[in-house]
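J.: Could you work out the structure for the sequence below:
(one chain, ligands or ions: 1)
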Amino acid sequence: MPLVETEALVLRTYNLAEADKIVVCLSRAAGLIRGVAKGCRKLRNRYGAAFEPFTLVNLSYYQKENQELVSFRHAEILKSNFNLSSDPETLSGLAYMGDLVVEFSPPYQANENLFRMVKACLEAVAETPEDLSWVLRYFEIWLLKLEGFLPDVKRCADCHRALVGENVFLTPDHSFHCRSCSSGGAHSLSKKVHAQLLAMLKLGPGSFAVASRETPVQANRELAQLTQQMIARVLEREMRTRPSYVPPRFGASPEDARY
Ligand SMILES: [Zn+2]
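T.: This is a model prediction of the structure:
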């Protein structure tokens, strides 16, 4: 039974029995993991406040063969984000991010890029909580991209013409088209929103949020509607049948942000 040591982000916790907690984390070494922290809710416990949601920790744990829950051995706080939980809006935004990671990530499969992206978004929110809504849009798009569900936003799905600066049309299957390839069911995407999508793929979450501060709230709403439709479509259609790992369908270009 090897000891695993890894950096991890605590996403959710549930109380178990009188003094224990079940802790759900996104780890760098093994992706989504769930484990039992024994005695965690006692006043004096060896984990301290390490298992508060959205805390970045150095974690060590054992995983027995054929057991879904790991046994935590040690957790050391690298960055506590406890101060963020005092604002209800920030708290619900972070909880939403955690819920989406749990929905999209297959357990016990390392995804270094996903870990880095989630960590970068959490850092951006911690730095400037007022940018939360833009960071959430960024998070949704990158989650879709890193799990292989984001269509090509740069080129027309049919003729592969570059869509930069063009009128962009979205078909009901959420693929992006130029005007001549758009069909009857397609609707036009605002240029502002398309530009936001392109900017997200180039920038880190903090810089994207700063660059978006002058963007009208209406664009954020339109973007939120789009990301929510895309997410709902994936979760409704894919979650029952999806393979344990979906490789990204679209390659990154050299100028894209990297995780
Ligand atoms: Zn086209």
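J.: quick one: average confidence on the helix or strand hosting F208?
T.: Using DSSP states H and E, F208 maps to helix 205-211. Mean pLDDT, helix 205-211: 95.
J.: Show me what counts as buried in that helix.
T.: 205-206, 208-209 (16 or more other C-beta atoms under 10 Å). Backbone N, C-alpha and C define where each C-beta goes, glycine included.
J.: and what of stretch 183-201?
T.: Neighbour-count burial for stretch 183-201 [16+ other C-beta under 10 Å]: 186, 189, 193-194, 196-201.
J.: I'd like the next helix or strand past the helix holding F208.
T.: With DSSP H and E, the next secondary element past helix 205-211 is helix 217-238.
J.: Pull out the buried positions in that following helix.
T.: Buried-residue list, helix 217-238, by 16+ other C-beta under 10 Å: 219-220, 222-223, 226-227, 230-231, 234.
J.: Get me the contact residues on the protein for the ion.
T.: 156, 158-159, 178, 181 (C-beta under 5 Å from the ion).
J.: One more pass at 6 Å, please.
T.: 156, 158-159, 161, 177-178, 180-181 (C-beta under 6 Å from the ion).
J.: follow-up on the earlier one: in the buried residues of stretch 183-201, find the pair that's most separated.
T.: A186 and A199 (22.9 Å; C-beta to C-beta).
J.: which residues touch the helix holding F208?
T.: By C-beta atoms under 8 Å, 6 or more residues apart in numbering, the residues outside helix 205-211 that reach it are 120-121, 123-124, 127-128, 131, 134-135, 138-139, 199-200, 203.
J.: Keep only those of these that are in helices.
T.: Judged by DSSP state H, the contacts of helix 205-211 include 120-121, 123-124, 127, 134-135, 138-139, 199-200 as members of helices.
J.: among these, which ones are buried?
T.: Using 16+ other C-beta under 10 Å, the buried ones in the ones in helices among the contacts of helix 205-211 are 120-121, 123-124, 134-135, 138-139, 199-200.
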